[in-house]
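Build me a structure from this.
(chains A, B, C and D)
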Number of protein chains: 2
Amino acid sequence: MATNVFIVDDHYMVIEGIRSLLQNVKDIECTGHAMNAVSCLAFLQQQQPDVILMDINLPDKSGIELCKEVREKYPAVFIIGLSTFNQQSFIQKMMDNGASGYVLKNATQEELIAAIAIVAKGGHFLSEEAALSLRKYNAGDMPLLTRREKEVLTLIAEGMTNAEIAQKLFISTTTVDTHRKNLLEKFHAKNTALLVKLALSQGHL
Amino acid sequence: MATNVFIVDDHYMVIEGIRSLLQNVKDIECTGHAMNAVSCLAFLQQQQPDVILMDINLPDKSGIELCKEVREKYPAVFIIGLSTFNQQSFIQKMMDNGASGYVLKNATQEELIAAIAIVAKGGHFLSEEAALSLRKYNAGDMPLLTRREKEVLTLIAEGMTNAEIAQKLFISTTTVDTHRKNLLEKFHAKNTALLVKLALSQGHL
DNA sequence: AAAAAAATCATGGAAAAAGGGGAGACGGCA
DNA sequence: TGCCGTCTCCCCTTTTTCCATGATTTTTTT
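Here you go, the predicted structure:
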(Lines give C-alpha, C1' and ligand atoms only; values in the text may rest on other atoms or scores of the structure.)
Protein backbone atom coordinates (compact mmCIF):
# COMPACT_ATOMS: atom_id res chain seq x y z
CA MET A 1 0.00 0.00 0.00
CA ALA A 2 1.26 3.43 -0.89
CA THR A 3 2.28 5.91 1.79
CA ASN A 4 -0.03 8.90 1.93
CA VAL A 5 1.78 12.20 2.30
CA PHE A 6 0.26 15.53 3.27
CA ILE A 7 2.15 18.81 2.88
CA VAL A 8 1.86 21.85 5.13
CA ASP A 9 3.75 24.93 3.98
CA ASP A 10 2.76 28.52 3.44
CA HIS A 11 4.80 28.84 0.27
CA TYR A 12 3.05 27.64 -2.79
CA MET A 13 6.30 27.06 -4.64
CA VAL A 14 7.57 24.72 -1.98
CA ILE A 15 4.38 22.71 -2.04
CA GLU A 16 4.62 22.47 -5.79
CA GLY A 17 8.27 21.52 -5.55
CA ILE A 18 7.60 18.67 -3.16
CA ARG A 19 4.67 17.41 -5.20
CA SER A 20 6.86 17.44 -8.25
CA LEU A 21 9.62 15.56 -6.45
CA LEU A 22 7.19 12.89 -5.27
CA GLN A 23 5.03 12.75 -8.34
CA ASN A 24 6.36 9.69 -10.06
CA VAL A 25 7.52 7.84 -7.02
CA LYS A 26 5.76 4.58 -6.45
CA ASP A 27 4.61 3.82 -2.93
CA ILE A 28 4.16 7.53 -2.26
CA GLU A 29 0.94 9.40 -2.84
CA CYS A 30 0.38 13.10 -2.17
CA THR A 31 -3.07 13.35 -0.68
CA GLY A 32 -3.18 17.11 -0.40
CA HIS A 33 -1.71 20.19 1.14
CA ALA A 34 -2.51 23.04 3.50
CA MET A 35 -1.02 26.50 3.72
CA ASN A 36 -1.76 27.10 7.38
CA ALA A 37 -2.39 25.28 10.63
CA VAL A 38 -6.15 25.70 10.64
CA SER A 39 -6.78 24.10 7.28
CA CYS A 40 -4.30 21.38 8.14
CA LEU A 41 -6.34 20.47 11.22
CA ALA A 42 -9.53 20.67 9.22
CA PHE A 43 -8.17 18.21 6.71
CA LEU A 44 -7.10 15.79 9.40
CA GLN A 45 -10.66 15.63 10.72
CA GLN A 46 -11.65 14.19 7.36
CA GLN A 47 -8.78 11.84 6.74
CA GLN A 48 -5.38 11.02 8.14
CA PRO A 49 -2.30 10.66 5.96
CA ASP A 50 0.60 8.44 6.97
CA VAL A 51 3.14 11.22 6.94
CA ILE A 52 2.93 15.01 7.13
CA LEU A 53 5.68 17.21 5.75
CA MET A 54 5.37 20.29 7.90
CA ASP A 55 7.06 23.65 7.58
CA ILE A 56 8.07 25.34 10.81
CA ASN A 57 6.90 28.77 9.73
CA LEU A 58 3.19 29.00 9.33
CA PRO A 59 1.17 32.18 9.23
CA ASP A 60 -1.24 31.34 12.02
CA LYS A 61 0.69 29.04 14.33
CA SER A 62 4.22 27.79 14.65
CA GLY A 63 4.87 24.39 13.18
CA ILE A 64 6.10 23.32 16.58
CA GLU A 65 2.73 23.88 18.21
CA LEU A 66 0.91 22.32 15.31
CA CYS A 67 3.19 19.32 15.49
CA LYS A 68 2.38 18.76 19.13
CA GLU A 69 -1.32 19.16 18.54
CA VAL A 70 -1.42 16.77 15.63
CA ARG A 71 0.59 14.13 17.45
CA GLU A 72 -1.72 14.29 20.44
CA LYS A 73 -4.87 13.95 18.38
CA TYR A 74 -3.59 11.56 15.74
CA PRO A 75 -0.77 9.43 17.13
CA ALA A 76 -0.72 7.32 13.96
CA VAL A 77 0.30 10.27 11.82
CA PHE A 78 4.05 10.77 11.62
CA ILE A 79 5.52 14.19 11.05
CA ILE A 80 8.61 15.33 9.20
CA GLY A 81 9.72 18.89 9.89
CA LEU A 82 10.78 21.14 7.06
CA SER A 83 12.89 24.25 7.26
CA THR A 84 15.46 26.45 5.69
CA PHE A 85 19.04 26.88 6.73
CA ASN A 86 19.02 29.49 9.43
CA GLN A 87 16.12 28.05 11.36
CA GLN A 88 17.81 24.90 12.43
CA SER A 89 17.63 25.93 16.04
CA PHE A 90 14.01 24.78 15.93
CA ILE A 91 14.86 21.21 15.10
CA GLN A 92 15.19 20.16 18.70
CA LYS A 93 11.83 21.58 19.66
CA MET A 94 10.18 19.97 16.70
CA MET A 95 11.60 16.58 17.63
CA ASP A 96 10.68 17.14 21.27
CA ASN A 97 7.13 17.76 20.19
CA GLY A 98 6.78 14.46 18.46
CA ALA A 99 8.24 14.92 14.99
CA SER A 100 9.81 11.79 13.55
CA GLY A 101 12.16 13.50 11.19
CA TYR A 102 13.65 16.65 9.83
CA VAL A 103 14.52 17.58 6.29
CA LEU A 104 15.97 20.81 4.95
CA LYS A 105 14.29 22.54 2.08
CA ASN A 106 17.32 22.08 -0.09
CA ALA A 107 17.18 18.32 0.35
CA THR A 108 17.56 16.12 -2.70
CA GLN A 109 14.80 13.94 -4.04
CA GLU A 110 16.50 10.82 -2.75
CA GLU A 111 16.83 12.28 0.70
CA LEU A 112 13.18 13.25 0.83
CA ILE A 113 12.00 9.86 -0.37
CA ALA A 114 14.25 8.09 2.09
CA ALA A 115 12.96 10.23 4.91
CA ILE A 116 9.33 9.48 4.08
CA ALA A 117 9.96 5.76 3.74
CA ILE A 118 11.75 5.52 7.07
CA VAL A 119 9.34 7.70 8.98
CA ALA A 120 6.28 5.92 7.58
CA LYS A 121 7.59 2.73 9.15
CA GLY A 122 7.85 4.45 12.50
CA GLY A 123 11.53 5.25 12.27
CA HIS A 124 13.38 8.52 12.63
CA PHE A 125 15.21 10.54 10.01
CA LEU A 126 17.42 13.59 10.30
CA SER A 127 19.07 15.05 7.25
CA GLU A 128 22.80 15.24 7.63
CA GLU A 129 23.01 18.97 7.95
CA ALA A 130 20.13 19.00 10.38
CA ALA A 131 21.85 16.49 12.59
CA LEU A 132 24.99 18.55 12.40
CA SER A 133 23.31 21.75 13.47
CA LEU A 134 21.52 19.88 16.21
CA ARG A 135 24.83 19.23 17.81
CA LYS A 136 25.85 22.87 17.51
CA TYR A 137 22.50 23.92 18.84
CA ASN A 138 22.77 21.87 21.96
CA ALA A 139 25.85 23.88 22.76
CA GLY A 140 24.09 27.25 22.48
CA ASP A 141 20.64 26.16 23.50
CA MET A 142 17.50 28.08 22.70
CA PRO A 143 15.23 28.78 25.65
CA LEU A 144 11.69 27.53 26.07
CA LEU A 145 9.44 30.37 27.14
CA THR A 146 6.27 30.26 29.17
CA ARG A 147 3.04 31.84 28.03
CA ARG A 148 3.53 34.88 30.24
CA GLU A 149 7.14 35.30 29.30
CA LYS A 150 6.23 35.39 25.64
CA GLU A 151 3.63 38.07 26.32
CA VAL A 152 6.06 40.18 28.28
CA LEU A 153 8.77 39.67 25.69
CA THR A 154 6.49 40.82 22.90
CA LEU A 155 5.55 43.96 24.78
CA ILE A 156 9.16 44.70 25.65
CA ALA A 157 10.04 44.49 21.98
CA GLU A 158 7.28 46.97 21.24
CA GLY A 159 9.07 49.49 23.39
CA MET A 160 6.92 49.34 26.51
CA THR A 161 8.34 49.94 29.97
CA ASN A 162 7.70 47.65 32.92
CA ALA A 163 5.08 50.04 34.22
CA GLU A 164 3.24 50.08 30.90
CA ILE A 165 3.38 46.33 30.57
CA ALA A 166 2.12 45.91 34.13
CA GLN A 167 -0.85 48.11 33.38
CA LYS A 168 -1.60 46.27 30.19
CA LEU A 169 -1.45 42.82 31.76
CA PHE A 170 -3.10 43.86 35.05
CA ILE A 171 -0.15 42.73 37.14
CA SER A 172 2.38 44.49 39.34
CA THR A 173 5.46 46.14 37.89
CA THR A 174 7.60 43.97 40.10
CA THR A 175 6.10 40.91 38.50
CA VAL A 176 6.92 42.24 35.08
CA ASP A 177 10.41 42.86 36.32
CA THR A 178 10.68 39.26 37.44
CA HIS A 179 9.59 38.00 34.05
CA ARG A 180 12.06 40.35 32.46
CA LYS A 181 14.86 39.03 34.59
CA ASN A 182 13.93 35.47 33.78
CA LEU A 183 13.91 36.30 30.08
CA LEU A 184 17.37 37.82 30.33
CA GLU A 185 18.59 34.73 32.08
CA LYS A 186 17.00 32.28 29.68
CA PHE A 187 18.51 34.04 26.70
CA HIS A 188 21.83 34.64 28.43
CA ALA A 189 21.35 38.27 27.46
CA LYS A 190 22.84 40.94 29.63
CA ASN A 191 20.40 43.63 28.61
CA THR A 192 17.20 44.33 26.73
CA ALA A 193 18.88 45.16 23.45
CA LEU A 194 20.51 41.77 23.13
CA LEU A 195 17.37 40.09 24.41
CA VAL A 196 15.31 41.56 21.61
CA LYS A 197 17.89 40.71 19.00
CA LEU A 198 18.16 37.11 20.10
CA ALA A 199 14.42 36.72 20.39
CA LEU A 200 13.89 38.07 16.90
CA SER A 201 16.64 36.08 15.29
CA GLN A 202 15.41 32.90 16.91
CA GLY A 203 11.87 33.46 15.80
CA HIS A 204 10.24 34.16 19.14
CA LEU A 205 8.68 37.37 17.91
CA MET B 1 10.44 32.82 -29.40
CA ALA B 2 10.19 31.38 -25.94
CA THR B 3 11.38 33.33 -22.92
CA ASN B 4 14.38 31.71 -21.29
CA VAL B 5 14.18 31.63 -17.52
CA PHE B 6 17.01 30.91 -15.11
CA ILE B 7 16.40 30.19 -11.43
CA VAL B 8 18.68 31.12 -8.53
CA ASP B 9 17.65 29.78 -5.14
CA ASP B 10 19.45 27.83 -2.50
CA HIS B 11 16.46 25.60 -1.77
CA TYR B 12 16.13 22.67 -4.05
CA MET B 13 12.44 22.33 -3.40
CA VAL B 14 11.75 25.87 -4.48
CA ILE B 15 13.68 25.38 -7.70
CA GLU B 16 11.73 22.21 -8.34
CA GLY B 17 8.50 23.99 -7.52
CA ILE B 18 9.15 26.77 -9.98
CA ARG B 19 10.22 24.35 -12.69
CA SER B 20 7.06 22.41 -12.13
CA LEU B 21 4.94 25.54 -12.29
CA LEU B 22 6.55 26.61 -15.54
CA GLN B 23 6.95 23.17 -17.08
CA ASN B 24 4.02 23.09 -19.44
CA VAL B 25 3.77 26.76 -20.12
CA LYS B 26 4.41 27.65 -23.71
CA ASP B 27 6.66 30.62 -24.40
CA ILE B 28 8.58 29.89 -21.22
CA GLU B 29 11.63 27.69 -21.08
CA CYS B 30 13.66 26.91 -17.97
CA THR B 31 17.26 26.96 -19.07
CA GLY B 32 18.77 26.01 -15.78
CA HIS B 33 19.30 26.86 -12.16
CA ALA B 34 21.96 27.79 -9.65
CA MET B 35 22.02 27.38 -5.92
CA ASN B 36 24.47 30.18 -5.20
CA ALA B 37 25.82 33.40 -6.62
CA VAL B 38 29.08 31.98 -7.91
CA SER B 39 27.55 29.30 -10.07
CA CYS B 40 24.97 31.78 -11.28
CA LEU B 41 27.71 34.10 -12.54
CA ALA B 42 29.54 31.15 -14.06
CA PHE B 43 26.44 30.18 -16.00
CA LEU B 44 25.93 33.70 -17.27
CA GLN B 45 29.39 33.68 -18.82
CA GLN B 46 28.23 30.82 -21.02
CA GLN B 47 24.76 32.01 -21.89
CA GLN B 48 22.29 34.67 -20.90
CA PRO B 49 18.66 33.93 -20.16
CA ASP B 50 15.95 36.54 -20.69
CA VAL B 51 14.79 36.51 -17.11
CA ILE B 52 16.35 35.41 -13.83
CA LEU B 53 14.21 34.46 -10.84
CA MET B 54 16.49 35.30 -7.95
CA ASP B 55 16.09 34.55 -4.27
CA ILE B 56 17.26 37.21 -1.86
CA ASN B 57 18.89 34.77 0.49
CA LEU B 58 21.87 33.05 -1.01
CA PRO B 59 24.57 31.24 0.89
CA ASP B 60 27.53 33.13 -0.52
CA LYS B 61 26.19 36.57 -1.38
CA SER B 62 22.98 38.49 -0.88
CA GLY B 63 20.61 38.52 -3.81
CA ILE B 64 20.77 42.29 -3.69
CA GLU B 65 24.47 42.35 -4.48
CA LEU B 66 24.16 39.66 -7.09
CA CYS B 67 21.32 41.56 -8.69
CA LYS B 68 23.44 44.67 -9.03
CA GLU B 69 26.38 42.74 -10.41
CA VAL B 70 24.34 40.88 -13.00
CA ARG B 71 22.59 44.01 -14.20
CA GLU B 72 25.89 45.81 -14.65
CA LYS B 73 27.46 43.00 -16.63
CA TYR B 74 24.41 41.87 -18.56
CA PRO B 75 21.95 44.73 -19.01
CA ALA B 76 19.77 42.60 -21.30
CA VAL B 77 18.98 40.14 -18.52
CA PHE B 78 15.98 41.12 -16.44
CA ILE B 79 15.68 40.04 -12.84
CA ILE B 80 12.69 39.14 -10.71
CA GLY B 81 13.30 39.01 -6.96
CA LEU B 82 11.93 36.16 -4.90
CA SER B 83 11.33 36.13 -1.18
CA THR B 84 9.25 35.00 1.70
CA PHE B 85 6.90 37.07 3.81
CA ASN B 86 8.98 38.75 6.44
CA GLN B 87 11.74 39.90 4.20
CA GLN B 88 9.73 42.44 2.30
CA SER B 89 11.88 45.26 3.60
CA PHE B 90 14.41 44.15 1.03
CA ILE B 91 12.11 44.77 -1.89
CA GLN B 92 13.07 48.40 -2.18
CA LYS B 93 16.76 47.60 -2.17
CA MET B 94 16.29 44.91 -4.78
CA MET B 95 14.40 47.25 -7.06
CA ASP B 96 16.97 49.99 -6.48
CA ASN B 97 19.63 47.59 -7.64
CA GLY B 98 18.03 46.95 -10.96
CA ALA B 99 15.44 44.25 -10.41
CA SER B 100 12.44 44.50 -12.69
CA GLY B 101 10.01 42.69 -10.47
CA TYR B 102 9.26 41.03 -7.21
CA VAL B 103 7.29 37.90 -6.48
CA LEU B 104 6.59 36.22 -3.17
CA LYS B 105 7.30 32.55 -2.77
CA ASN B 106 3.67 31.80 -2.17
CA ALA B 107 2.69 33.32 -5.50
CA THR B 108 0.27 31.45 -7.70
CA GLN B 109 1.20 30.00 -11.04
CA GLU B 110 -0.70 32.73 -12.88
CA GLU B 111 1.09 35.43 -10.95
CA LEU B 112 4.48 33.95 -11.70
CA ILE B 113 3.75 33.55 -15.40
CA ALA B 114 2.38 37.07 -15.63
CA ALA B 115 5.44 38.43 -13.89
CA ILE B 116 7.80 36.66 -16.28
CA ALA B 117 5.86 37.77 -19.34
CA ILE B 118 5.78 41.40 -18.30
CA VAL B 119 9.38 41.57 -17.17
CA ALA B 120 10.67 39.82 -20.29
CA LYS B 121 9.20 42.67 -22.34
CA GLY B 122 11.07 45.19 -20.25
CA GLY B 123 8.19 46.00 -17.91
CA HIS B 124 7.95 45.94 -14.14
CA PHE B 125 5.97 43.61 -11.92
CA LEU B 126 5.29 43.68 -8.21
CA SER B 127 3.10 41.07 -6.61
CA GLU B 128 0.19 42.62 -4.77
CA GLU B 129 1.42 41.88 -1.31
CA ALA B 130 4.90 43.07 -2.20
CA ALA B 131 3.53 46.35 -3.49
CA LEU B 132 1.47 46.68 -0.34
CA SER B 133 4.38 46.22 1.96
CA LEU B 134 6.40 48.60 -0.16
CA ARG B 135 3.88 51.31 0.53
CA LYS B 136 3.89 50.61 4.23
CA TYR B 137 7.60 50.75 4.14
CA ASN B 138 7.69 54.09 2.38
CA ALA B 139 5.08 55.50 4.71
CA GLY B 140 6.84 54.52 7.91
CA ASP B 141 10.01 55.71 6.30
CA MET B 142 13.15 53.83 6.87
CA PRO B 143 15.84 56.08 8.23
CA LEU B 144 19.13 56.64 6.49
CA LEU B 145 21.92 56.02 8.93
CA THR B 146 25.40 57.39 8.88
CA ARG B 147 28.44 55.16 9.01
CA ARG B 148 28.97 55.80 12.69
CA GLU B 149 25.34 55.33 13.58
CA LYS B 150 25.34 51.94 11.93
CA GLU B 151 28.38 50.92 13.90
CA VAL B 152 26.86 52.07 17.17
CA LEU B 153 23.54 50.43 16.34
CA THR B 154 25.22 47.12 15.65
CA LEU B 155 27.07 47.21 18.95
CA ILE B 156 23.94 48.22 20.85
CA ALA B 157 22.16 45.20 19.40
CA GLU B 158 24.99 43.03 20.60
CA GLY B 159 24.21 44.06 24.12
CA MET B 160 27.01 46.52 24.71
CA THR B 161 26.58 49.52 26.99
CA ASN B 162 27.56 53.04 26.05
CA ALA B 163 30.75 52.71 28.00
CA GLU B 164 31.71 49.48 26.24
CA ILE B 165 30.91 50.90 22.83
CA ALA B 166 32.93 54.00 23.60
CA GLN B 167 35.92 51.89 24.48
CA LYS B 168 35.58 49.80 21.36
CA LEU B 169 35.28 52.76 19.01
CA PHE B 170 37.83 54.93 20.83
CA ILE B 171 35.36 57.73 21.45
CA SER B 172 33.77 59.24 24.53
CA THR B 173 30.71 57.70 26.18
CA THR B 174 28.88 60.97 25.74
CA THR B 175 29.44 60.72 22.00
CA VAL B 176 28.02 57.25 21.98
CA ASP B 177 25.10 58.59 23.92
CA THR B 178 24.54 61.26 21.29
CA HIS B 179 24.53 58.67 18.52
CA ARG B 180 22.15 56.60 20.55
CA LYS B 181 19.79 59.51 20.96
CA ASN B 182 19.94 60.26 17.27
CA LEU B 183 19.20 56.64 16.45
CA LEU B 184 16.17 56.68 18.73
CA GLU B 185 14.95 59.80 17.02
CA LYS B 186 15.54 58.53 13.50
CA PHE B 187 13.64 55.35 14.22
CA HIS B 188 10.95 57.09 16.26
CA ALA B 189 11.73 54.56 18.95
CA LYS B 190 11.28 55.51 22.55
CA ASN B 191 13.76 53.01 23.90
CA THR B 192 16.46 50.54 22.96
CA ALA B 193 14.18 47.54 22.77
CA LEU B 194 12.02 49.03 20.05
CA LEU B 195 15.07 50.43 18.33
CA VAL B 196 16.59 46.98 17.99
CA LYS B 197 13.35 45.45 16.83
CA LEU B 198 12.81 48.08 14.15
CA ALA B 199 16.40 47.93 13.00
CA LEU B 200 16.27 44.16 12.66
CA SER B 201 12.92 44.06 10.92
CA GLN B 202 14.04 46.70 8.47
CA GLY B 203 17.21 44.90 7.63
CA HIS B 204 19.70 47.29 9.18
CA LEU B 205 21.37 44.54 11.15
C1' DA C 1 -1.85 13.58 46.03
C1' DA C 2 2.82 15.01 45.64
C1' DA C 3 6.25 17.35 43.03
C1' DA C 4 7.61 20.67 39.73
C1' DA C 5 6.91 24.72 37.16
C1' DA C 6 4.90 29.11 36.56
C1' DA C 7 2.99 33.37 38.06
C1' DT C 8 2.47 36.53 41.42
C1' DC C 9 4.38 40.28 44.65
C1' DA C 10 7.99 42.88 47.38
C1' DT C 11 12.39 45.80 49.01
C1' DG C 12 16.41 48.22 48.19
C1' DG C 13 20.30 49.65 45.76
C1' DA C 14 23.53 50.12 41.68
C1' DA C 15 23.90 50.87 36.81
C1' DA C 16 22.42 52.38 32.60
C1' DA C 17 19.51 54.78 29.46
C1' DA C 18 16.37 58.65 28.20
C1' DG C 19 15.59 63.48 27.72
C1' DG C 20 17.00 68.19 27.84
C1' DG C 21 20.22 71.44 26.58
C1' DG C 22 24.68 73.47 24.42
C1' DA C 23 28.98 73.57 21.56
C1' DG C 24 33.41 73.08 18.73
C1' DA C 25 35.84 70.72 14.58
C1' DC C 26 35.86 68.88 10.11
C1' DG C 27 34.81 67.97 5.21
C1' DG C 28 32.05 68.41 1.18
C1' DC C 29 29.58 71.14 -1.80
C1' DA C 30 26.94 74.86 -3.95
C1' DT D 1 33.06 81.29 1.37
C1' DG D 2 29.35 80.00 3.90
C1' DC D 3 26.14 76.34 4.79
C1' DC D 4 25.06 71.62 6.03
C1' DG D 5 25.77 67.21 7.79
C1' DT D 6 28.54 64.40 10.57
C1' DC D 7 31.24 63.44 14.42
C1' DT D 8 32.84 64.77 18.46
C1' DC D 9 32.32 66.20 23.51
C1' DC D 10 30.08 67.88 27.99
C1' DC D 11 26.50 68.74 32.03
C1' DC D 12 22.30 67.73 34.53
C1' DT D 13 17.90 65.34 35.83
C1' DT D 14 14.64 61.81 35.58
C1' DT D 15 13.32 57.38 34.29
C1' DT D 16 14.12 52.75 33.59
C1' DT D 17 16.58 48.79 33.80
C1' DC D 18 19.51 45.47 36.16
C1' DC D 19 20.78 42.76 40.22
C1' DA D 20 20.20 40.25 44.65
C1' DT D 21 16.98 37.92 47.64
C1' DG D 22 13.00 36.11 49.35
C1' DA D 23 8.22 34.58 49.47
C1' DT D 24 3.17 33.11 48.37
C1' DT D 25 -0.22 31.28 45.30
C1' DT D 26 -1.74 28.96 41.21
C1' DT D 27 -1.21 25.74 37.52
C1' DT D 28 0.64 21.80 35.39
C1' DT D 29 2.79 17.46 35.39
C1' DT D 30 3.84 13.12 37.22
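
least trustworthy helix or strand in chain A by mean pLDDT?
In chain A, the helix or strand scored least confidently by mean pLDDT, DSSP states H and E is helix A:128-139, which has a mean of 57.

pLDDT (mean, whole number) over whichever helix or strand comes after it?
The helix or strand immediately downstream of helix A:128-139 is helix A:147-157, counting by DSSP states H and E. Averaging pLDDT along helix A:147-157 gives 94.

Now do stretch A:70-86: distance to the chain's middle.
The chain centroid and the centroid of stretch A:70-86 are separated by 8 Å, computed with Cα atoms, centre = their mean, to the nearest Å.

hey, where'd the strands end up in chain A?
All strands of chain A, identified by DSSP state E, fall at A:3-8, A:28-34, A:51-55, A:78-83, A:101-104, A:125-126.

List the buried residues for stretch A:98-110?
A:98-107 (16 or more other Cβ atoms under 10 Å in any protein chain shown). C-betas here are computed from N, CA, C, even on glycine.

residues from chain A in reach of DNA strand D?
Residues of chain A found near DNA strand D (Cβ under 7 Å from any atom of the strand) are A:156, A:160-163, A:177-178, A:180-181, A:184, A:190-193, A:195.

and the two most separated of those?
Using Cβ to Cβ, the residues of chain A next to DNA strand D span at most 22.1 Å, a distance reached by A:Ala163 and A:Lys190.

and the closest residue to A:Leu82 other than its chain neighbours, how many residues sit next to it?
Counting by Cβ to Cβ, 6 or more residues apart in numbering or on different chains, A:Leu82 lies nearest to A:Asp55, which is 4.7 Å off, once chain neighbours are set aside. Using other Cβ atoms under 10 Å in any protein chain shown, A:Asp55 has 22 other residues around it.

Low-confidence stretches in chain A?
A:85-90, A:92, A:128-142 (pLDDT under 70).

residue contacts, A:Val14?
A:55, A:82, A:105, B:11, B:13-14, B:17, B:105 (Cβ atoms under 8 Å, 6 or more residues apart in numbering or on different chains).

Tell me the one among those residues nearest to B:Ala37.
Closest approach to B:Ala37 among these (Cβ to Cβ): B:His11, at 14.7 Å.

Is the closest one in contact with A:Ser83, as I believe?
No - counting by Cβ atoms under 8 Å, B:His11 stays clear of A:Ser83, with 10.0 Å between them.

Now do the shared contacts for these two.
A:104-105.

what about A:Leu144, neighbour count?
Quick note: A:Leu144 (other Cβ under 10 Å) scores 10 neighbours.

now do A:Thr175
A:Thr175: 15 neighbours (other Cβ under 10 Å).

Show me which helix runs longest in chain A.
helix A:173-187 (DSSP state H).

ok so, going back, so which of the contacts of A:Val14 sit within helices?
Counting by DSSP H, the contacts of A:Val14 place B:13-14, B:17 in helices.

out of the residues of chain A next to DNA strand D, who's near chain B?
Filtering the residues of chain A next to DNA strand D for proximity to chain B by Cβ under 8 Å from any Cβ of the partner chain leaves A:156, A:161, A:190-193, A:195.
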